[in-house]
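S.K.: what follows is a predicted protein model with its sequence.
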Amino acid sequence: MGQSPTSVRPGRSTSFGGGNDGAVPSAALIAVKGTLYGTTSGGGTYGKGTVFALRP
């Protein structure tokens with residue numbers, strides 16, 4: 001993959017409505033060193049989904 005996840009700030013509403021933000025969040029979040037990582041199955045640059053990070 002080689003691309004950085006999209007950063008999302010917790011505490012404000014996050015919308016996965018398609019486009020580069022991704023759409024249809026899927027799978028469980030994974031916690032790594034205080035950051036939560038997740039995926040979407042749609043949206044993103046090529047419409048194939050995204051990886052995102054929730055940082056405190």
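M.R.: Thanks, I have the structure now.
S.K.: hey, let's count contacts and neighbours off CA atoms from now on
M.R.: Will do.
S.K.: any idea how far Asn20 lies from Gly49?
M.R.: Noted for Asn20: a distance of 9 Å to Gly49, by C-alpha to C-alpha, to the nearest Å.
S.K.: so between these two, which is more surrounded?
M.R.: A count of neighbours by other C-alpha atoms under 10 Å puts Gly49 above the other of Asn20 and Gly49, at 22 against 16.
S.K.: that one touches Ser41, doesn't it?
M.R.: Yes - counting by C-alpha atoms under 8 Å, Gly49 does reach Ser41; the two are 4.4 Å apart.
S.K.: identify the contacts common to the two.
M.R.: Common contact partners of Gly49 and Ser41 (C-alpha atoms under 8 Å, 6 or more residues apart in numbering): 22-23.
S.K.: re earlier: shared neighbours, Asn20 and Gly49?
M.R.: Common neighbours of Asn20 and Gly49 (C-alpha under 8 Å, 6+ apart) are Gly43.
S.K.: top strand in this protein by residue count?
M.R.: Longest among the strand segments of the chain by residue count, using DSSP state E, is strand 23-32.
S.K.: for the protein, what are the low-confidence residue spans?
M.R.: 1-15 (pLDDT under 70).
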